[in-house]
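Undergrad: coordinates for the following, if possible.
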Amino acid sequence: MNTEQIKQASTKFKVTELIKNRFSTVAFADKMLTNDDMNSIFEAATWAASANNEQPWRYIAALKQNNESFNKIVDLLMPGNQPWAKNAAVLIVCYAKLTFTLNGKPNVTALHDVGMANENMLLQSLSMGIYGHIMGGFDRERSKEVFNLDDDHQPICVIALGYLGDPESLIEPYKTREHTSRSRKPVNEVVTFI
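TA: Residues are numbered from 1 along each chain as shown. The predicted model follows:
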C-alpha cells in the first residue's frame with residue numbers, strides 16, 4: 001500500500017476527494033517546482049475570503065534551487081523539522097499584516113484570513129500533484145529579524161511544498177510517521193447544533 005492510500009482520510013460523511021487526499025507529508029521527492037507552479041499556487045491564495053478584502057496574508061518564498069535563500073529559511077526551522085523540510089522543493093515563510101491598510105485599526109480576523117489563504121494554497125497544490133506541510137516549529141523572532149518585519153507583521157508558519165517522495169528514504173521517527181494513518185475527532189466532538 002502506498003503512502004497516498006495510507007494517508008487518505010477515512011471520513012464518516014461525504015467530503016470532496018481533494019480534502020480526503022490532503023495530508024502533511026514529510027517525504028519529498030527530488031523534483032523542482034517552477035515559477036509558473038508557484039504563481040498558480042499563490043494565485044489560489046489571493047482568492048481566499050478576507051474581511052473587507054484586506055488580504056492580510058504575506059509570503060516570502062524560496063525555491064530549493066536558490067540555495068542561499070532556501071537555507072535561510074531552513075535555518076529558521078526547529079531541529080525536528082529541518083531533517084525532512086530541507087528536502088522540499090520550496091519553503092515559504094507566511095506572515096500576517098495585523099492592521100487594516102485603510103485606517104490602521106487592528107484586523108481581528110487577520111490570522112483567520114491567512115489560514116484561509118493557506119488552505120487555498122494547499123488544495124491548489126494538491127490539485128497539481130504537489131503536497132504541502134505547514135510548520136509552526138520555527139523561530140518567529142529571528143524570522144522577523146532576517147526578513148526585516150515590523151510589528152505590524154506577525155510570522156505565522158513556514159510551509160514546505162514539493163512532490164511526494166519515497167517514505168523509505170526517511171530516517172526515524174519520520175518514516176513511521178509517514179506510514180501511520182491519519183485520524184480526526186468526530187464531528188459531534190467539535191460541532192454543537194442548537
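
Undergrad: which residue sits closest to S50 in space, ignoring its chain neighbours?
TA: Leaving aside its chain neighbours, S50 sits nearest to D113 (4.1 Å; criterion: CB to CB, 6 or more residues apart in numbering). (Glycine included, C-beta is placed from N, CA and C.)

Undergrad: and that neighbour, what pLDDT?
TA: Reported pLDDT at D113 in the predicted model: 98.

Undergrad: distance of it from N107?
TA: Distance, D113 to N107, by CB to CB, to the nearest Å: 8 Å.

Undergrad: distance check, T180 against P167.
TA: 10 Å.

Undergrad: distance of the residue nearest to S50 relative to P56?
TA: Distance from D113 to P56, by CB to CB: 5 Å.

Undergrad: spit out the residues that contact those two alike.
TA: S50, A96, N107 (CB atoms under 8 Å, 6 or more residues apart in numbering).

Undergrad: got phi/psi on the second one?
TA: Listed backbone geometry of A96 is phi -120, psi 140, with angles given as degrees, to the nearest 10.

Undergrad: give me the number of residues near it?
TA: By other CB atoms under 10 Å, 21 other residues sit near A96.

Undergrad: that one: what's it in contact with?
TA: With CB under 8 Å, 6+ apart, A96 has these contacts: P56, W57, R58, A110, L111, D113, V114, H153, Q154, I156.

Undergrad: can you list residues touching both of D113 and N107?
TA: By CB under 8 Å, 6+ apart, the residues touching both D113 and N107 are A51, E54, P56.

Undergrad: and these, which of them are buried?
TA: By neighbour count, with 16 or more other CB atoms under 10 Å, the shared contacts of D113 and N107 hold E54, P56 as buried.

Undergrad: from the shared contacts of D113 and N107, which single one is nearest F28?
TA: Minimum distance to F28 across these is 28.5 Å, recorded for P56 (CB to CB).

Undergrad: surely that closest one and L98 touch.
TA: Yes. With contacts defined as CB atoms under 8 Å, P56 counts as touching L98 at a distance of 7.3 Å.

Undergrad: any shared contact partners between those two?
TA: N107, A110.

Undergrad: what are the ranges of the strands in the chain?
TA: 57-63, 90-97, 130-135, 153-163 (DSSP state E).

Undergrad: packing partners for the shortest one?
TA: So that's strand 130-135. Counting by 3 or more CB pairs under 8 Å, 6 or more residues apart in numbering; DSSP states H and E, the packing neighbours recorded for strand 130-135 are helix 110-127, strand 153-163.
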